[in-house]
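Undergrad: Here you go, sequence then predicted model.
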Amino acid sequence: MSTFPFRHTEHHTFPIISHHTMFWKSKQPEINLLDLIPHRICEYTVDEEQRVTVSIPRFKSAWMLKTFIPKWKSPYVRTRFDDFGSFVWMQCDGSRNVHEIAEKLREEYGSDIEPAHDRLKLFFQQLSLRGYVELRFIDGTPVEK
């Protein structure tokens, strides 16, 4: 069974680095973030000030929770968003793309949010990286990280 581009030894798997992969980036299709649809994939709560707090488990497996988390500590990591982040989070309902969310943000906050597209790009990159949202194409297929 070949698992190119890896070279196997008895105990380790090493990536094969060729002249091509070292000096030229592989061509990947350009993805326009504004066309992607963010989907929330973790639990959240909304407080009386309309601020969102997102909760994700510290570990995915139960034995790691039992082993590494003291009884008095929460098994969840919580992140509380500001007004802008909370507004954007509530717009991520799985039907709006990032461009539509940017327009809603401009309607709500006006010039305070500019440059909206750049700010949303960074925000969604961080949310995706931390596992809070999953960015999908219009057909529903997820974007590779």
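TA: That came through fine.
Undergrad: Quick check, central residue of this protein?
TA: Nearest to the geometric centre of the chain sits S128, at 0.5 Å (Cα atoms, centre = their mean).
Undergrad: So for stretch 59-78, first residue to last residue, what's the gap.
TA: Counting by Cα to Cα, to the nearest Å, you get 13 Å between the two ends of stretch 59-78.
Undergrad: For that stretch, the averaged confidence score.
TA: Stretch 59-78 comes out with an average pLDDT of 80.
Undergrad: same check, this time on stretch 96-114
TA: Rounded mean pLDDT across stretch 96-114 is 91.
Undergrad: next one: stretch 136-145
TA: Stretch 136-145 carries an average pLDDT of 85.
Undergrad: For it, what is the distance to the chain centroid?
TA: 12 Å (Cα atoms, centre = their mean, to the nearest Å).
Undergrad: now what about it, what contacts it?
TA: 31, 35-39, 97, 128-129, 134-135 (Cβ atoms under 8 Å, 6 or more residues apart in numbering). C-beta: built from backbone N, CA, C; applies to glycine.
Undergrad: Could I have the buried ones of those residues as ChimeraX selection syntax?
TA: Of those, the buried ones go into a single ChimeraX selection, burial set by 16 or more other Cβ atoms under 10 Å:
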select :36,37,38,97,128,134,135
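Undergrad: Out of the contacts of stretch 136-145, which one has the lowest pLDDT?
TA: I31 (81).
Undergrad: what's it in contact with, if anything?
TA: Contacts of I31 by Cβ under 8 Å, 6+ apart are V143.
Undergrad: And for the one 3 residues further on?
TA: Each residue near L34 by Cβ under 8 Å, 6+ apart is listed here: 97-99, 102, 117.
Undergrad: Show the backbone phi and psi for it.
TA: Main-chain dihedrals, L34, degrees, to the nearest 10: phi -60, psi -20.
Undergrad: thinking again about what came up before, out of the contacts of L34, give me the one that has the most neighbours.
TA: With neighbours taken as other Cβ atoms under 10 Å, the top of the contacts of L34 is V98, carrying 24 neighbours.
Undergrad: And for that one, nearest residue in space, chain neighbours not counted?
TA: Sequence neighbours aside, L34 is the residue nearest to V98 in space, at 5.0 Å (criterion: Cβ to Cβ, 6 or more residues apart in numbering).
Undergrad: Alright, that wraps it up for me.
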